[in-house]
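J.: below: sequence and its predicted model.
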Amino acid sequence: MNIHDTSAQTLFSSYRLGDLELKNRFVMAPMTRSRAVEGNTANPLAAEYYAQRAGAGLIVTEGTQVSPQGVGYVRTPGIHSGAQVEAWKKVTDAVHKAGGVIFAQLWHVGRISHSDFHNGESPVAPSAIAAEGKTFTPQGQKDFSKPRALELSELPGIVEQFRTGAKNAKAAGFDGVEIHGANGYLLDQFTADGPNKRTDSYGGSIANRIRLPLEVTEAVTGVWGKERVGYRISPYGAYNSMSDSNPLATFSQLADELNSLGIGYLHAVDPADASLRISPALREIFTNTYIAAGSFDLASAERAIANGDTDLVAFGKPFLANPDLPARFKKNAPLNAPDVATFYQGEAKGYTDYPALG
């Protein structure tokens, strides 16, 4: 029998996340929308965008940089300046007025960046290995820059960047934070042995490679308390040139250590292909709230909850195009189609103008 027996629960059942009461088990997944304005502050439209989606049990914001060093794309918001905190306050106020719960996703892109963002300096990474791919810089689309390897003496500073981001998220009125350890960004780069070729105490063994993620997590829980902190992973993700020789071993050990730290939730991006899914294994290790993401529809999400495979289900594109996704699923109403052309550009179009039912 699964230790998480949720057979009587559905996607529409309420859920207790630590001391927070969630109205349902829908999570709005973090999605970069590239609409930040001057100073990488959240767009004034973001308050409307997130409030429209407050029918989710939990909203996780787009990735939000914890420092200027963490920037890798144009028009992505940060949470390291006073102006950014003030802009996010408008978002959290709007979501709370609409009855929603919202966590900030704390983000450092590491090598997924370009020197144009850093006054000509190289981006940073565990090792000096460039990722394949391109980013949009202020001067247009360019290949990712080759990063420089972070010095051992710099790593406490990375932890402090996340700690400061966590404090600023609290000041901005968020309900909690999610640490971005997925999708090939800095903490994921340290965790996986493909991009991490270090020979010091932050490379080599799994215990060494997950050292920085765990130090960051401890710093963030020191600000928020354990229950208000989540951690996102993508064990089999190849995005941003990611690879690991044994994802099951690596991420099982990370899940076990995060479980020992007592954080509120683990959020895993899993392949839609059931034969490749790591969640059943991690679910046995991580005993607090588990969130699964990965191309779920209503039927597969309901099945995952009924089977005890997950507690909550994260939806990305369906929430992007359907601000009232829970209501549409409940009524079996047709879904709006997402407009791919406006995913990462534009203003209100493809952002706040998707229609709700009625």
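T.: Arrived safely, thanks for sending. Numbering: from 1, shown residues only.
J.: pLDDT weak spots in the stretch 151-300 of the chain?
T.: Where the stretch 151-300 of the chain drops to pLDDT under 70, the residues are 272.
J.: kindly recompute the last result at 80.
T.: 271-276 (pLDDT under 80).
J.: quick one, what contacts the closest residue in space to residue 333 that isn't next to it in sequence?
T.: Leaving aside its sequence neighbours, residue 333 sits nearest to residue 357 (CB to CB, 6 or more residues apart in numbering; 5.8 Å). Every residue, glycine included, has its C-beta placed from N, CA and C. Contacts for residue 357 (CB atoms under 8 Å, 6 or more residues apart in numbering) come out as 324, 327, 328, 331, 333.
J.: of those - the most surrounded one?
T.: The most crowded member of the contacts of residue 357, judged by other CB atoms under 10 Å, is residue 324 (22 neighbours).
J.: correct me, but it touches residue 356?
T.: Yes: the criterion here is CB atoms under 8 Å, and residue 324 meets it with residue 356 at 4.3 Å.
J.: give the residues shared as contacts by the two.
T.: Taking CB under 8 Å, 6+ apart as the criterion, residue 324 and residue 356 both touch residue 52.
J.: so where do the helices sit in the stretch 201-350 of the chain?
T.: Taking DSSP state H, counting those that start in this stretch to define them, one finds helices in the stretch 201-350 of the chain at 206-209, 211-224, 247-261, 279-285, 298-306, 317-321, 325-331.
J.: meant to ask about the stretch 1-150 of the chain, not that
T.: For the stretch 1-150 of the chain, the helices defined by DSSP H, counting those that start in this stretch cover 45-52, 82-97.
J.: still on that earlier bit, residue 157 is nearest to which of the helices of the stretch 201-350 of the chain?
T.: helix 211-224 (11.3 Å; CB to CB).
J.: tilt between that closest one and helix 247-261?
T.: 30 degrees (axes from the mean of the first three to the mean of the last three CA atoms, to 10 degrees).
J.: partners of whatever helix or strand residue 177 lives in, with directions?
T.: Applying DSSP states H and E as the criterion places residue 177 in strand 176-180. Here strand 176-180 is paired, per DSSP bridges, with strand 102-107 (parallel), strand 229-233 (parallel).
J.: put together TSV for those, with distance to residue 337 on each row.
T.: TSV is the format used below for the strands paired with strand 176-180 (distance: least, CB to CB, whole Å):
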stretch	distance to residue 337
strand 102-107	26
strand 229-233	26
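J.: pull the number of nearby residues for residue 72.
T.: So residue 72, with other CB under 10 Å, has 28 neighbours.
J.: quick check on it: phi, psi?
T.: Here is the backbone geometry of residue 72 (degrees, to the nearest 10): phi -140, psi -10.
J.: which strand residues bridge residue 137?
T.: Per DSSP bridges, the residues bridged to residue 137 are residue 140.
J.: burial check on it, number of neighbours?
T.: 17.
J.: before we move on, the earlier item: any chance of the strands paired with strand 176-180 in JSON lines, with distance to residue 350 and mean neighbour count too?
T.: As requested, these are arranged in JSON lines below (distance: least, CB to CB, whole Å; neighbours: other CB atoms under 10 Å):
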{"stretch": "strand 102-107", "distance to residue 350": "21", "mean neighbour count": "29"}
{"stretch": "strand 229-233", "distance to residue 350": "24", "mean neighbour count": "27"}
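J.: please name the nearest non-neighbouring residue to residue 326.
T.: In space, residue 326 comes closest to residue 55 once its chain neighbours are excluded; the distance is 4.7 Å by CB to CB, 6+ apart.
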